[in-house]
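Novice: Quick one: sequence and predicted model below, then my questions.
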Amino acid sequence: MTIIITIALSFMVLGFIFSAIRFVKGPTAGDRTVALDTITTIAVAAIVLLAYVFQRFIYVDVALLYAVLGFIGVIVIARYLEGAL
Amino acid sequence: MSIMEIIGGTFIIIGSIFLFLGALGIFRMPDIYNRLQAGTKATTLGGMSLILGVGFLEPSWMMKMIIIIIFIAYSNPISSHALARAMYKRKRYPLILSEDKENMDAYSEVNPHEKEEVKS
Amino acid sequence: MIGAAVYSIRQKDLLYATIATGIISLVLSVLFYLLQAPDVALTEAAIGVALTTIIFIITIRNTVRYEDEHDNKEKFKSGVK
């Protein structure tokens, strides 16, 4: 089980690195916002997996809060880009 | 290993591979709409699968995992849709496939909307 | 996180700097989480994701988006919508 969790966490770190490269390179504001959204989803998954590693049930609340609130920033940026904020 | 651990480990591996492929997609794709599809659909499936796998590993956590899955399943398409609509209203149109029959994946160099005013 | 912070300071486009602030808050929250402080991580998540982004975007909407080095004052006077 340790091997599986190590493989999953290394895949997630690689995904974070690729998203960060797209964030630095991205030509427009939309690309950077997509990178932020992807990083948020990866962080939710990583927090749940680390809660299983630490064996603490209360740590899942952080992931729950990110899943509830994570899209508000993206929506605000999108409304600003649309010009209708 | 019990049967629940095997099921949970399989879901975790599948979910992490989909998360990685989504991030690779937003690194490789040429256009904002392709990046939106790769970066939102693939990561939604990957996150849901991985959280379900953790729920199988610890069966007493399953209720909160299902709540997180429901919140991911409604919040990710909302942000993707809002972003695509904002990009369309800023007149950034999708790329058009080229007429070259040999190389089907190539995008045409000519921008058909170049008369339009394109903002970043 | 340090890279995102340096990017956010050096960037001349304030909208990109705001998105970089979101990434800083996210990585900082995961860092608090790894240091076994989930309550601080919870607060950081709520503040950093929702409140900071909304306040910065409203500020950018009411002022100018691009930060210029030389004629900042004149542009600030004439550029307010």
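Specialist: Everything's here; your move. If you're wondering where the values come from, they're calculated on a predicted model, not measured in any experiment. Residues are numbered from 1 along each chain as shown, chains lettered A, B, ... in the order given.
Novice: Output the residue of chain C whose distance to chain B is smallest.
Specialist: Of all residues in chain C, C:Asp13 sits closest to chain B, at 9.0 Å by CB to the nearest CB. In this view, the C-beta of every residue, glycine as well, is placed from N, C-alpha and C.
Novice: pLDDT wise, what is that residue at?
Specialist: Per-residue pLDDT puts C:Asp13 at 78.
Novice: Next: B:Ile13.
Specialist: The pLDDT attached to B:Ile13 in the predicted structure is 91.
Novice: Find me whatever residue is spatially closest to C:Val27, sequence neighbours aside.
Specialist: C:Met1 (4.1 Å; CB to CB, 6 or more residues apart in numbering or on different chains).
Novice: From A:Leu9, how far off is the one you found?
Specialist: Distance from C:Met1 to A:Leu9, counting by CB to CB, to the nearest Å: 18 Å.
Novice: Look at the two and report which has more neighbours.
Specialist: A:Leu9 (17 against 13; other CB atoms under 10 Å in any protein chain shown).
Novice: surely the more buried one meets A:Ala46?
Specialist: Yes - using CB atoms under 8 Å, A:Leu9 is in contact with A:Ala46, at 7.0 Å.
Novice: Just the buried residues of the longest helix anywhere in chain B, please?
Specialist: If you go by DSSP state H, chain B has its longest helix at helix B:62-89. Of all the residues in helix B:62-89, those buried under the rule 16 or more other CB atoms under 10 Å in any protein chain shown are B:64-65, B:68-69, B:71-72, B:75-76, B:79-80, B:82-84, B:86-87.
Novice: So which residues on chain C come close to chain A?
Specialist: Contact residues (CB under 8 Å from any CB of the partner chain) of chain C with chain A: C:3-4, C:7, C:15-16, C:18-20, C:22-23, C:26, C:29-30, C:33-34, C:36, C:38, C:41-42, C:45-46, C:49-50, C:53-54, C:57-58, C:60-61.
Novice: please redo it, this time with the cut-off set to 6 Å
Specialist: Contact residues, chain C versus chain A (CB under 6 Å from any CB of the partner chain): C:15, C:19, C:22, C:26, C:30, C:33, C:38, C:41-42, C:45, C:49-50, C:53-54, C:57, C:61.
Novice: Could you tell me which of those are located in helices?
Specialist: Secondary structure from DSSP H places C:15, C:19, C:22, C:26, C:30, C:33, C:38, C:41-42, C:45, C:53-54, C:57, C:61 of those in helices.
Novice: Those: which two are farthest apart?
Specialist: For those, the farthest-apart pair by CB to CB is C:Pro38 and C:Arg61; their separation is 34.1 Å.
Novice: In terms of packing, which of those two has more residues around it?
Specialist: The neighbour count for C:Pro38 versus C:Arg61, taken as other CB under 10 Å, is higher for C:Pro38 (20 against 14).
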